[in-house]
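K.L.:
got a sequence here, can you build the structure:
(4 chains)
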2 protein chains.
Amino acid sequence: MSASGSRRLGVPPTPGAAWDRSGAWASIPERLREQGLRWTPQRRLLVEVLAQTDGHVTGGELVERCREADTTTIPSTVYRTLDVLEELGLIRHCHGVDGREEFHVLPETEHGHAYCNECGRSWDVEVEEVGAMLASFQERRGFEVDLSHLTVAGRCRDCRGAGGTGEAAVE
Amino acid sequence: MSASGSRRLGVPPTPGAAWDRSGAWASIPERLREQGLRWTPQRRLLVEVLAQTDGHVTGGELVERCREADTTTIPSTVYRTLDVLEELGLIRHCHGVDGREEFHVLPETEHGHAYCNECGRSWDVEVEEVGAMLASFQERRGFEVDLSHLTVAGRCRDCRGAGGTGEAAVE
DNA sequence: GCACTAATTGCAACTAGTCGCAATACGAGA
DNA sequence: TCTCGTATTGCGACTAGTTGCAATTAGTGC
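P.N.:
Model (predicted):
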């Protein structure tokens, strides 16, 4: 495959302009149609599943949940719809430490992730924490970093044995 | 994929601090045996292939090259041997933007990678460039970052210039 | 309500990689 | 040189995701 494959770097949702979540879901059919795309039962099902999801999900989990609602769900349809929804800015995908795909639903702010290789927990990484790095890439390389795709692997405080709390663990 | 093979662009390997590569390879059999592991023909083949490799390779490419030398090569054996060699520190693996595994042979310094989503090129990211981020993770979260596993995705200078889609997309 | 056409789906085959298990064979010790 | 324990291999099945293609169908125009 080529790096420019089906997964384009869509323009991310503007962070400040916090979306009305329910509104965002409701407008999907017309937003699709505006672009000559279609609103199908399969897409509606996935959107319903997504609307009940908070935080991160893997593609496999989404396929699973769709299949619970409709046993005839086909994985390739789910993954293709996920691509379309990502282009619409409703979800963002990134890769966990193991390289597996993960999706964020309606990311309110662009953020990256930190994963602990040992316990497998993950944390959101906000722009402030890596702002200097982003700026340095911009200046030194002219490189525009896609924060939502940033995955930082390593060992968390707990696993290093330093004691302390695993704040805001996601999983 | 059009641009396969090793792509090391931008920051070149540190010229002075070169290891004695042949020495590192030569000591593998005994290093394995020291740990109660074994030196097999399959492992020797993979090590030979690796010794002729510079920069980054995907697992698939390695399987391919081993198969060229020995058509009976089994993928799972290659991947398992890769794990063993990583434990020995002879290679490091990371994940490209598409989540696919990539291996570095004999990494001279711990480094991360920057990938351009559009042209697919990649660059090494040395510790100086992300030092502040590493330190901040350490202090604020007690999190020890594994730099060699860091993949920064985004758009490179050339693609931002050529694409002309405007810097307005940056958030 | 009907026809048309291009977007979408379902399917099957494929890529990349992992895992469990029985058979093989490395290499330490006799 | 032979024996033996166990690391490793080969294999087949499986997970996660992608792709090409023919059949289906959403949605526009009449």
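K.L.:
with just CA atoms, put the lengthiest helix in chain A into PDB.
P.N.:
In chain A, taking DSSP state H as the definition, the longest helix is helix A:127-141. Extracted C-alpha coordinates of helix A:127-141, given in PDB (Å, rounded to 0.1, in the frame of the first residue of the first chain):
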ATOM      1  CA  VAL A 127      -0.900  19.400  23.200                       C
ATOM      2  CA  GLU A 128       0.700  21.400  26.100                       C
ATOM      3  CA  GLU A 129       2.800  18.400  27.000                       C
ATOM      4  CA  VAL A 130       4.400  18.100  23.600                       C
ATOM      5  CA  GLY A 131       4.000  21.600  22.400                       C
ATOM      6  CA  ALA A 132       7.700  22.200  22.400                       C
ATOM      7  CA  MET A 133       8.400  19.100  20.300                       C
ATOM      8  CA  LEU A 134       5.700  20.100  17.800                       C
ATOM      9  CA  ALA A 135       7.200  23.600  17.500                       C
ATOM     10  CA  SER A 136      10.700  22.200  17.100                       C
ATOM     11  CA  PHE A 137       9.500  19.900  14.300                       C
ATOM     12  CA  GLN A 138       7.800  22.800  12.600                       C
ATOM     13  CA  GLU A 139      10.900  25.000  12.900                       C
ATOM     14  CA  ARG A 140      13.700  22.600  12.300                       C
ATOM     15  CA  ARG A 141      12.200  20.300   9.700                       C
END
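K.L.:
for the closest residue to DNA strand C within chain A, give me its contacts.
P.N.:
Here chain A gets closest to DNA strand C at one residue, A:L37, 3.0 Å apart by CB to the nearest atom of the strand. Yep, even glycine has a C-beta here, placed from its N, CA and C like the rest. Counting by CB atoms under 8 Å, 6 or more residues apart in numbering or on different chains, A:L37 touches A:V84.
K.L.:
try 10 Å this time
P.N.:
Shown in contact with A:L37 (CB atoms under 10 Å, 6 or more residues apart in numbering or on different chains): A:I28, A:P29, A:R31, A:R43, A:V84, A:E87, A:L88.
K.L.:
can you point out the buried residues in the longest helix of chain A?
P.N.:
Buried residues in helix A:127-141, counted by 16 or more other CB atoms under 10 Å in any protein chain shown: A:E129, A:V130, A:M133, A:L134, A:S136, A:F137, A:R141.
K.L.:
stretch A:88-96 close to DNA strand D?
P.N.:
No - figure legend: stretch A:88-96 not in contact with DNA strand D (CB under 7 Å from any atom of the strand); closest approach 8.2 Å.
K.L.:
and that stretch, does that touch DNA strand C?
P.N.:
No - Stretch A:88-96 lies out of reach of DNA strand C by CB under 7 Å from any atom of the strand, never closer than 10.8 Å.
K.L.:
mind checking how far that stretch is from the chain centre?
P.N.:
The chain centre lies 3 Å from the centre of stretch A:88-96; the measure is CA atoms, centre = their mean, to the nearest Å.
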